[in-house]
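**Q** give me a model of this one.
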Amino acid sequence: MSSPKKQSGSLQEKAGISPPEITNVAAIRQIKKNRKQQPSSTELIDGILNGNRTALSRAITLVESTNTEHTAKANEVINGCLPHANKSIRIGITGVPGVGKSTFIEAFGSFLTQLGKKVAVLAVDPSSSLSHGSILGDKTRMEELVKDENAFIRPSASGDTLGGVARKTRESIILCEAAGFDTIIIETVGVGQSETAVHSMVDFFLLLKISGAGDELQGIKRGIMEMADAIVINKADGDNIKKANLAKLEFNRALHLFPPKKSNWQPKVTTCSAITGEGILEIWTTILSYFEQTNKSGFFPEKRKEQNQFWMMETINEQLKLNFYNQPEIISQLEQNKKAVQNDEISPFAAAQKLLKLYFNKGTEAQSYKGTK
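**A** Here you go, the predicted model:
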């Protein structure tokens, strides 16, 4: 028998050296335990009332959650903060993409903090209809304001909410007010029906426009113009100043064609430059004039009462929708009915009625079961 060939030293495997055991099992267990711990409703409320931004951020995340287990806790936090809310000026800012909303809000917010105001910016970021994700880049765009100790910026994904306004923006306003922010700015996506949704949760509605892009004609639409309390022609700097002033004249003419507002407020049209800061003071003066007039007439408190009622009804509608799609029976039958509708085996309306009947029958059965206990 021939002896086995000697392997080359470079190919031989040598026993490795086991590293010393440095993992602290107790430390890992403690880290996992701490991660699972969530602050109680009371701790969150106390933190918010003391101006703790971490508590405020966690509370907003809680109210934005679609997890049904978080609903009760979120309601406790909101109810605990409610007596300390309703002490701010709520300003909605909208405009088409590219009009410079983020740049304007940074300039406007910085101006307000210099006056001693505490500013909270709730920026609603559009969600992709394909990936359902959002960039949430408002903090990056407002790089100076985000460093201001008197400012708080919270971007939120619009999700599938009609109009692109985050589902819980209304509750986030309450939490920010309880945390001591006296000026709340809501930036909308600027597309679809977002203007309508924001208008129903703010005191003052500001419409941003630009000139020189055919925007003057596009902007003169009855719905959006009737909602606006002020129209600001942004980017009025450099060679664009003349165009901005012409756009101002056009919008002023258009506003006089509309009937008077319920508040008896005559909307103002101004120009500004978020880059140079020109016109920012005039905008703030306009907002203060609006609040003075509407408070004297009693329109301001009445409008907030109407908004509270509106959002009660919206919450009911949202909860019914959420409950419907979370029912196991609906989940199992929904896909079957979708396929049947696609194959023209049943009409969309008949399929919807079928699912609704199943949903309401299940609710009736549950009530009957409770009655027999």
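
**Q** check which residues of whichever strand or helix holds residue 308 are buried.
**A** Residue 308 is part of helix 299-325 when elements are defined by DSSP states H and E. When neighbours are counted by 16 or more other CB atoms under 10 Å, the buried residues of helix 299-325 are found to be 299, 300, 303, 307. In short, each C-beta sits where N, CA and C put it, glycine included.

**Q** how about CSV for those, with distance to residue 244 added?
**A** Output for the buried residues of helix 299-325, formatted as CSV (distance: CB to CB, whole Å):
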residue, distance to residue 244
299, 31
300, 30
303, 31
307, 33
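
**Q** which one is residue 286 nearest to, not counting chain neighbours?
**A** residue 268 (4.9 Å; CB to CB, 6 or more residues apart in numbering).

**Q** tell me how far the helix holding residue 308 lies from the chain's centre.
**A** Between the centre of helix 299-325 and the centre of its host chain there is 16 Å, according to CA atoms, centre = their mean, to the nearest Å.

**Q** skip ahead from that helix and say which helix or strand is next.
**A** Trace forward from helix 299-325 with DSSP H and E and the next one is helix 328-342.

**Q** now that following helix against helix 299-325, angle please.
**A** 80 degrees (axes from the mean of the first three to the mean of the last three CA atoms, to 10 degrees).

**Q** how about helix 328-342: buried residues?
**A** Buried residues in helix 328-342, counted by 16+ other CB under 10 Å: 330, 333, 334, 337, 340, 341.

**Q** quick one: contacts of that helix?
**A** Applying CB atoms under 8 Å, 6 or more residues apart in numbering, the external contacts of helix 328-342 come out as 324, 325, 346, 347, 348, 351, 354, 355, 358, 359, 362.

**Q** in helices, which of these fall?
**A** In helices, defined here by DSSP state H, the members of those are 324, 325, 348, 351, 354, 355, 358, 359, 362.

**Q** I'd like these written out as TSV, with pLDDT and distance to residue 151 added.
**A** As requested, the ones in helices among the contacts of helix 328-342 are arranged in TSV below (pLDDT from 0 to 100; distance: CB to CB, whole Å):
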residue	pLDDT	distance to residue 151
324	92	39
325	90	37
348	94	47
351	95	49
354	94	51
355	94	46
358	92	49
359	91	45
362	74	48
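
**Q** just the buried members of those residues?
**A** The buried subset of these (16+ other CB under 10 Å) comprises 351, 355, 358, 359.

**Q** identify the residues contacting the first one.
**A** So that's residue 351. So residue 351 contacts 337, 338, 340, 341 (CB under 8 Å, 6+ apart).

**Q** ok, of those, which one's closest to residue 154?
**A** residue 338 (35.7 Å; CB to CB).

**Q** roughly how far apart are the closest one and residue 313?
**A** Per CB to CB, to the nearest Å, residue 338 is found 29 Å from residue 313.

**Q** tell me if residue 152 really is in a strand.
**A** Yes. With DSSP: H, G, I helix; E, B strand; the rest coil as the criterion, residue 152 is part of a strand.

**Q** if it is in a bridge, with which residues?
**A** residue 120 (DSSP bridges).

**Q** show me the contacts for it.
**A** Taking CB under 8 Å, 6+ apart as the test, what residue 152 contacts is 53, 56, 118, 119, 120, 121, 176, 179, 181.
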